[in-house]
Structure formats: structure tokens, C-alpha cells
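S.K.: Sequence and predicted model, in that order:
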Amino acid sequence: MNRAGLARTFQNIRLFREMSVIENLLVAQHMQVNRNLVAGILNTRGYRKAENQALDRAFYWLEVVDLVDCANRLAGTLSYGQQRRLEIARAMCTGPEMICLDEPAAGLNPAETHALSRIIRFLRQHHGITVLLIEHDMGMVMEISDHIIVLDRGDVIARGAPQEIQSNISVIAAYLGADEEEIAV
């Protein structure tokens, strides 16, 4: 998946809880660091350079998700919202062109959701990352999305810009549990 330029986060957080925050980000970069055993044992210049680049990349993403101060803490000791942000940083350390975020706002309070929205906008605006967002927080979806596809029981019922989706009778009916005829009245 990473070789194809894709990264993802999961609805249920999947971190290495007994590793530090920075170690979680370094592990994510194993494909980008020279994996030559001899180079590692001899600590060659190329190996050191790759290791330093991985560390720089990790700290860059920690800064983006506002977790630099937590770099040496165990991932399992972070708050739920911090763990969500760490997951995004870990995914970004793989250098994706596209990131799939599965319910990233689930369980977050409004302040954490706002911080998450800021991070997602940053990914798009400053790194050109395509974001596939699977989310039930409609306020967040409407705020950060350019194009929305709405599913109801696995079927596409609407697609378009946020303004179009907000006024779509099929979407309103699906989310309010009413018939389209009742809403159209």
C-alpha cells in the first residue's frame, strides 16, 4: 500500500503503545531507510544520512500535529485525541500521495475535531495530499471537503459540493429517516 503512495488510519487506533511517539514514526519509515544489514552494522555515511532524514521527517510531522513535546512519551500514555493525531503523523511519514482517514473524528471533542480539521486542510493545501475521508461528523465533512459522496446502506445516493449535498432531498431523507415525499413538502 505504501509503495503505491497510499496511507491510511483506522477507526480503531493502532499504535505501538509501548513504544515512544518518535519510535512510532520511525517504524513507519522502515521502507525509506536503507535496510542493508552490513550498512547498519558498519554505520556507513549513507545509513546515517537515511536515519537522520527519517528523524527529521518524524519531527516535521510531530510539529504539524502539535506533538513535538510528546516525542519521548510512550504512545499509550497520550490522550485519545493525541493518539489520533499521532496516527496521522505516522501515516504521513510514509510519504503518501493519498491518505484514507477512517472515522478520524470518532470520539473527539469539538476542540480536538477543530485541530483535526486544521491538520487535514494543511495536508491538502501545503502538501497536495488527496484525502479520502470516511466520517459521520457532518459539520467537519462540510467544512473541509471539496467533493462529497454520500452512501446509504452501501449505495451512492448523492455526490457533489458540500452546498449541493446539504440541500439534497435523498441525503436529508436518509439522515433524518424520513421519506423523500415528506421532506419535499
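M.R.: That came in fine, so what should we check first?
S.K.: For the rest of this, base every contact and every neighbour count on C-alpha atoms.
M.R.: OK.
S.K.: Could you check how far L176 is from D152?
M.R.: 12 Å (C-alpha to C-alpha, to the nearest Å).
S.K.: ok, now M98?
M.R.: 24 Å.
S.K.: Those two: which has the busier surroundings?
M.R.: The residue with more neighbours, out of M98 and D152, is M98; 21 against 12, by other C-alpha atoms under 10 Å.
S.K.: got a list of what that one touches?
M.R.: M98 makes contacts with G5, L6, A7, I129, T130, V131, L132, as judged by C-alpha atoms under 8 Å, 6 or more residues apart in numbering.
S.K.: what ranges do the helices span in the protein?
M.R.: Remark: helices assigned in the chain by DSSP state H are 21-27, 37-42, 45-64, 80-92, 110-127, 138-144, 162-166, 169-176, 180-184.
S.K.: Those into TSV, with extra columns for distance to P104 and mean neighbour count?
M.R.: Converted to TSV, those look like this (distance: least, C-alpha to C-alpha, whole Å; neighbours: other C-alpha atoms under 10 Å):
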stretch	distance to P104	mean neighbour count
helix 21-27	18	23
helix 37-42	36	11
helix 45-64	16	17
helix 80-92	7	24
helix 110-127	8	15
helix 138-144	10	13
helix 162-166	19	15
helix 169-176	20	16
helix 180-184	30	11
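S.K.: what about D155, neighbour count?
M.R.: When neighbours are counted by other C-alpha under 10 Å, D155 comes out with 8.
S.K.: ok, the residue nearest to R124 when sequence neighbours are not counted - contacts?
M.R.: Leaving aside its sequence neighbours, R124 sits nearest to T130 (C-alpha to C-alpha, 6 or more residues apart in numbering; 6.4 Å). Neighbouring residues of T130 by C-alpha under 8 Å, 6+ apart: E97, M98, I99, R124.
S.K.: The second one and V38: what is the separation?
M.R.: I take that to be M98. On the measure of C-alpha to C-alpha, M98 and V38 end up 33 Å apart.
S.K.: likewise L86?
M.R.: 32 Å.
S.K.: can you check A75 too?
M.R.: 31 Å.
S.K.: quick one: low-confidence ranges for the protein?
M.R.: Scanning the chain for pLDDT under 70 picks out the ranges 1-3, 31-36, 39-40, 178-185.
S.K.: And P162, how far from H147?
M.R.: Distance from P162 to H147, by C-alpha to C-alpha: 7 Å.
S.K.: show me the contacts for the residue nearest in space to the middle of the chain.
M.R.: By C-alpha atoms, centre = their mean, the mean C-alpha position of the chain lies nearest to I88, the distance being 3.9 Å. For I88, the contacting residues are T9, V65, by C-alpha under 8 Å, 6+ apart.
S.K.: Compare the helices of the chain and give me the one nearest R14.
M.R.: Minimum separation from R14 across the helices of the chain (C-alpha to C-alpha) falls at helix 80-92, 7.6 Å.
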